[in-house]
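Q: Predicted coordinates and the sequence they were generated for:
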There are 2 protein chains.
Amino acid sequence: MSNYQLDDSLGFLVAMAGRALMNQLQRNITESGYDVTTEHWTILVQLWEQEGLSQYELAQRTGKDQPSMSRLIQNMLKRELIVRVADTKDARCKRIYLTEHGKHLRSQLVSIVEETLDQVTSDVSEEELLVTKSVLKRVAKTHSVTRTVFDQLDRKKELHE
Amino acid sequence: MSNYQLDDSLGFLVAMAGRALMNQLQRNITESGYDVTTEHWTILVQLWEQEGLSQYELAQRTGKDQPSMSRLIQNMLKRELIVRVADTKDARCKRIYLTEHGKHLRSQLVSIVEETLDQVTSDVSEEELLVTKSVLKRVAKTHSVTRTVFDQLDRKKELHE
DNA sequence: GCAAATTACTTGCATAAACAAGTATTTAAT
DNA sequence: ATTAAATACTTGTTTATGCAAGTAATTTGC
């Protein structure tokens, strides 16, 4: 029975790289004085591009399940990053809009994220990065929940072309 | 201000691939009838190679902090995967050993993990996989906590050479 | 038009991570 | 020898995930 080598296991490496990235990003955001988590960021990215998405749509686009989204939204409401408005045509649906505060965070947070990505990939060539992204995307697409995210993005791109 | 493209962001891709991998692995383990989490697995891998590690050493080798390790150990004790023995020379230290049950899981769990990795990388060439692993390792090494893991592994390899 | 199925969201429960603060034991410094 | 510092571990709090079960609103099929 082969000795399982952790540092040769894709699962372990993805988990470690993910932790490094998320910790560094969270640290950079907090040190810049923003009360925003990395998870809030994924929602803000969606809303900066299109406001008024329902919780279900946000869950689809970020690869989260509905309970996770429900609680994440509650958290962002508490921090006054967003507001929630009941859909006039479908009372089940709650649509999410940005507050002024949420809107204004955009340029600073995008800078922090880009800076963080530069930090953690300073040692990586452009070509290697492209291969890695392409592989990670394929891995993500093997799973139903995360595949939905990329299928949505691909569909959107087709519309724009 | 550029539109932030999520499917081009390494952070998002790592998070999605990680979720795909962990969900698939957890599902495969559970479906095979084992009451073991993916986090238990990382500890078991260490103990299959060397028993009697302290909680601190396990934390170092898996990139977790001590509180996380403390609770993870409590959980594994409850499931009777491991036992905990106070160090005779240092009463602060608690050393972890496998139960018979923990020992016997080895071959089955290693199979499940290897099968899962094959599932999620069926679409990926050997060469692409090598590049990806190498990049992820470099990303992980940019962060203090996860760097320790690889530094430890590298040191161990040097000793064996 | 009404019961049944579906949809959008929420709540409960277990596990897990990050951080801060606590306890107990050991080591170091004088 | 005693106090101070360091070490190993634990507990509390907040945030987050996965899954199951619940509520309320809307659609569907007859």
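A: Looks like it arrived, so ask away.

Q: just checking, what packs against the strand or helix carrying A:Leu129?
A: Using DSSP states H and E, A:Leu129 maps to helix A:126-141. Where contact means 3 or more C-beta pairs under 8 Å, 6 or more residues apart in numbering or on different chains; DSSP states H and E, helix A:126-141 is packed against helix A:10-31, helix A:144-160, helix B:10-31, helix B:126-141. Backbone N, C-alpha and C define where each C-beta goes, glycine included.

Q: The helix or strand hosting A:Ser111 and DNA strand D in contact?
A: For A:Ser111, the host element (DSSP H and E) is helix A:106-120. No - against DNA strand D, helix A:106-120 shows no contacts by C-beta under 7 Å from any atom of the strand, the least distance being 13.7 Å.

Q: List the contacts of that helix.
A: A:20-21, A:24-25, A:28-29, A:32, A:34, A:36, A:41, A:44, A:48, B:1-2, B:4, B:9-11, B:139, B:142-143 (C-beta atoms under 8 Å, 6 or more residues apart in numbering or on different chains).

Q: That helix to helix B:126-141, inter-axis angle?
A: Orientation check (axes from the mean of the first three to the mean of the last three C-alpha atoms, to 10 degrees): helix A:106-120 against helix B:126-141 gives 110 degrees.

Q: still on that earlier bit, give me the buried subset of the contacts of helix A:106-120.
A: A:20-21, A:24-25, A:28-29, A:34, A:36, A:41, A:44, A:48, B:4, B:9-11, B:139, B:142-143 (16 or more other C-beta atoms under 10 Å in any protein chain shown).

Q: Just give me the residue closest to the centre of chain A.
A: A:Thr42 (3.2 Å; C-alpha atoms, centre = their mean).

Q: Next one: that residue relative to DNA strand C, how far apart?
A: 16 Å (C-beta to the nearest atom of the strand, to the nearest Å).

Q: My guess is A:Arg84 contacts A:Ile96. True?
A: Yes - proximity of A:Arg84 to A:Ile96 meets the contact threshold set by C-beta atoms under 8 Å, at 5.9 Å.
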